[in-house]
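Novice: Predicted model and sequence below, questions to follow.
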Amino acid sequence: MKILVIGGGGREHTLAWKLAQSPKATKLYAIPGNPGMAEIAECVPDISIEDNKAVVDFAKTHDIDLAVVGPEVPLTNGIVDAFEAVGILAFGPRKLAAEIEGSKSFSKGLMKKYGIPTAKYEVFTDAAAAKDYIRKEGAPIVIKADGLAAGKGVVVAMTEEEALRAITDIMEAQEFGQAGSRVVIEEFMDGEEASLLAFTDGETIVPMISSQDHKRAYDGDKGPNTGGMGTYAPAPVMTPALVAQAKETILAPAIRAMAAEGRKYQGCLYAGLMITAEGPKVVEFNARFGDPETQVVLPLLRSDLVEIMTACARGDGSLKDLDIRWSDGAAVCVVLASGGYPKSYQKGYEITGLAEAAAKGAHVFHAGTAEKDGKIVTAGGRVLGVVAEAADVAQAVEKAYDGVSAIDFKDKMFRKDIAHRALERLI
């Protein structure tokens, strides 16, 4: 099969890497791709992933059999609908289904209507009314930009002052543009977070191995929220019983709810969960693989990803017949970021040690890199994901940081405590 991967970050590099392992994958393309993906796929950097016509025209011209959509923006722009209109199989939800991520107010309304456990909330389009609500409710409280904000539109405010400032930044200063013209304000949920991704064809739901992200920029979960500074899988907090409970009370009802709303959901459904005293509750739904969760979940997949994605995309009932297997081990991802991230940072610094890290047994997934004069240089906030697999989390942590030590670039920044919650459970 000829396969097209859409996107150019660490998630897409991981997807391409896993797809390339399938004997069914005869040729891989990536729009736009990145230097890491270029080792396994033909990259097409001159087409925008937001230009549905150009992407679909490329797919038609190159006889693509399966398109795999990584980022949320093309999904919410209806790229899967555009592929289907010309008869090309595509993995990912259609535009109406992708609204489960594209609009937090839609997602929260869906959960409320169908009784899916989540935090209580209110939606506001007026900043003054939002601030009045915050003063009434107090802190801690959670402020979310309604639309897409590249994973950064959420403020967990521990003080009233911080919450009010978030409204000023999001709604009045328009820090996230139109995505912040409406905000969702939620109660603060106490507990431990985990991510549970699932394959689905619109009926059958296959949960993947659980994982846990580290959103804060600095050690000890301090500093501003980021797109994610590292992950590990499985997450010990997600016991087999809790995974089964989440499937029964969250994943399955969500898929049924979307079907009932005329928005059949196919692809990967990402449930960001808070494990509370009352059980798992939804923090957010995403309409695609997480980043950097994908970097630790897919290395643990032992089945053919092309086969799974094809079954999800076809929606012909074949997903339920697949025997999807996972490793008994663990994986850890440490994100190497540019100094200053998630605020301003410099680009263009040469990266060294990539081959040395790979020689130490690490998978190095490119996120924000570019090639310049034959050298790999930094080109984004999150630059690389250094991933290691091992028999358990402790060994995977040691192996991942061994890989990190081999790589260098100016102002390299990373957290030194990835998987600390899992390690604390081993003490």
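Specialist: That came through fine.
Novice: Can you pull the poorly scored residue ranges out of this structure?
Specialist: Along the chain, the model assigns pLDDT under 70 to residues 151, 427.
Novice: Spit out the contact partners of the nearest residue to residue 375 once chain neighbours are set aside.
Specialist: Of all residues not flanking residue 375 in the chain, residue 350 sits nearest, at 5.1 Å (Cβ to Cβ, 6 or more residues apart in numbering). Glycine gets a C-beta too; all of them are placed from N, C-alpha and C. With contacts taken as Cβ atoms under 8 Å, 6 or more residues apart in numbering, residue 350 has the following neighbours: 375, 376, 377, 409, 410.
Novice: how about a cut-off of 7 Å?
Specialist: By Cβ atoms under 7 Å, 6 or more residues apart in numbering, the residues touching residue 350 are 375, 377, 409.
Novice: Pull out the buried positions in the one helix or strand residue 184 maps to.
Specialist: Secondary structure assigned from DSSP states H and E places residue 184 in strand 183-187. Under the neighbour-count criterion of 16 or more other Cβ atoms under 10 Å, strand 183-187 has 183, 184, 185, 186 buried.
Novice: Just name the closest of the residues you listed to residue 37, please.
Specialist: Nearest to residue 37 among these is residue 184, at 34.5 Å by Cβ to Cβ.
Novice: Could you give the bridge partners of that closest one?
Specialist: Going by DSSP bridges, residue 184 is paired in beta bridges with residue 123, residue 144.
Novice: now the strands: where do they sit in the stretch 101-250 of the chain?
Specialist: Taking DSSP state E, counting those that start in this stretch as the test, the strands found in the stretch 101-250 of the chain are 121-124, 141-145, 154-157, 183-187, 192-200, 205-207, 212-213, 216-218, 222-225, 230-233.
Novice: what are the pairing partners of the shortest one, and which direction each?
Specialist: To tie it back to what came earlier, the one meant is strand 212-213. With DSSP bridges as the test, strand 212-213 is paired with strand 230-233 (antiparallel).
Novice: Show me how far the strand it pairs with is from its chain's centre.
Specialist: Averaging C-alpha positions (Cα atoms, centre = their mean, to the nearest Å) puts strand 230-233 12 Å from its chain's average.
Novice: what sits up against it?
Specialist: With Cβ under 7 Å, 6+ apart, strand 230-233 has contacts from 209-214, 292-293, 295-297, 300, 330-335, 393, 415, 418-419, 422.
Novice: Let's see which of those residues end up in strands.
Specialist: 212, 213, 330, 331, 332, 333, 334, 335 (DSSP state E).
Novice: Highest neighbour count among these?
Specialist: residue 333 (35 neighbours; other Cβ atoms under 10 Å).
Novice: hey, what's that one bridged with?
Specialist: Judged by DSSP bridges, the bridge partners of residue 333 are residue 231, residue 387.
Novice: wait, what's in contact with it?
Specialist: Contact analysis of residue 333 by Cβ under 7 Å, 6+ apart lists 230, 231, 292, 295, 296, 385, 386, 387, 400.
Novice: Leaving out sequence neighbours, find the closest residue to residue 305.
Specialist: Once flanking residues are discounted, residue 305 sits nearest to residue 18: 4.7 Å by Cβ to Cβ, 6+ apart.
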